[in-house]
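Enquirer: Give me the fold of what follows.
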Amino acid sequence: MNQNATIEKMQEMRMHGMKRAYESAFTPGSQNMTNDEFLSWLIEAEYTDRRNRKTDRLIKGARFRYAASLEEIAYEYNRNLDRNQVQRLADCSFIDKGENIIITGSTGVGKSYLATALGYEACFKGYKVLYSNLGKLFSKLKMSKADGSYIKELSRIEKHNLLILDDFGLQAIDSEKQLMLLDLIEDRHHNKSTIITSQIPVKVWHELLEEKTIADAIMDRLVHSAHRFELKGESMRRKMKNV
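Expert: Predicted coordinates:
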């Protein structure tokens, strides 16, 4: 058996995980295995490597602002954050069901962190995620209208299993932006999931939208039956700064 030739073929076929495992199998002190065990070990190494590389691609493609982890979330009594609710959503079955999540609360209480942590968990489970500040997304969609790529941009966004829209309501939502938002939500309704964070309580969202007929359509598709978090407590950013 020509080991070098085998390694070169693995490299050519881009079986990087299997290649590394195969190379390590011939180092001094490596564990002896039966043929079946050896084959299983090589396949597991390749599977793990491909899964890790896919996760890395998904995380990079999501364009998160920062890293976040569900394990790092603080469940303090005054935050109004239910650990059981978070853990139920962590299995990402809400994505399979096309369900939405709304996270509200004052600035700094951890809305974006919770949304991002759920986004990371979705990437770990193989879902395609896109994170965006809503104001910046509106600007991008407006530019796409100008150059004729609006429908293409909507289609690109629709392909993501989970869309995270951060900072809803920080900027005025005029009739043009309302139509954009409706286009985004309509394409995803019952098929894909959306997480929205906002400093504005849901009960006054309707007042932020100029065209009330469109507002009714947006609220019906986005808010009703969504999983809700209303975070409270002091600013987590200020608290971490003082630690």
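Enquirer: Which element, helix or strand, includes residue 229?
Expert: When elements are assigned from DSSP states H and E, residue 229 belongs to strand 227-230.
Enquirer: pLDDT of that strand, averaged?
Expert: Mean pLDDT, strand 227-230: 96.
Enquirer: what's the answer for stretch 74-93, then?
Expert: 93.
Enquirer: Pull out the buried positions in that stretch.
Expert: 79, 81, 86, 89, 90, 92 (16 or more other C-beta atoms under 10 Å). The way it works is simple: take the backbone N, C-alpha and C, and place the C-beta from them, glycine included.
Enquirer: Which of those sits closest to residue 11?
Expert: For the buried residues of stretch 74-93, the minimum distance to residue 11 (C-beta to C-beta) is 34.4 Å, reached by residue 92.
Enquirer: how close does the closest one sit to residue 55?
Expert: Using C-beta to C-beta, to the nearest Å, residue 92 is found at 13 Å from residue 55.
Enquirer: next helix or strand past the host helix or strand of residue 183?
Expert: In this structure, residue 183 sits in helix 175-188 according to DSSP H and E. Note on helix 175-188: by DSSP H and E, the next helix or strand toward the C-terminus is strand 193-198.
Enquirer: Counting by contacts, list what that next one packs against.
Expert: Here strand 193-198 touches strand 101-104, helix 111-124, strand 162-168, helix 175-188, going by 3 or more C-beta pairs under 8 Å, 6 or more residues apart in numbering; DSSP states H and E.
Enquirer: so what's the spatially most central residue of the chain up against?
Expert: The chain has residue 119 as the residue nearest its centroid, 2.6 Å off, counting by C-alpha atoms, centre = their mean. Neighbour list for residue 119: 62, 64, 68, 129, 131, 162, 164, 195 [criterion: C-beta atoms under 8 Å, 6 or more residues apart in numbering].
Enquirer: In this structure, spot the helix with the most residues.
Expert: helix 35-62 (DSSP state H).
Enquirer: follow-up on the earlier one: now do the helix holding residue 183: everything it contacts.
Expert: 98, 138, 141-142, 154, 157-158, 163, 165, 173, 194, 209-211, 214-215, 217-218, 221-222.
Enquirer: Which of the residues in it are classified as buried?
Expert: Buried-residue list, helix 175-188, by 16+ other C-beta under 10 Å: 177, 178, 180, 181, 182, 183, 184, 185, 188.
Enquirer: Quick check: of these, which lies closest to residue 6?
Expert: Using C-beta to C-beta, those come closest to residue 6 at residue 188, 46.9 Å.
Enquirer: And the pLDDT at that closest one?
Expert: pLDDT, residue 188: 90.
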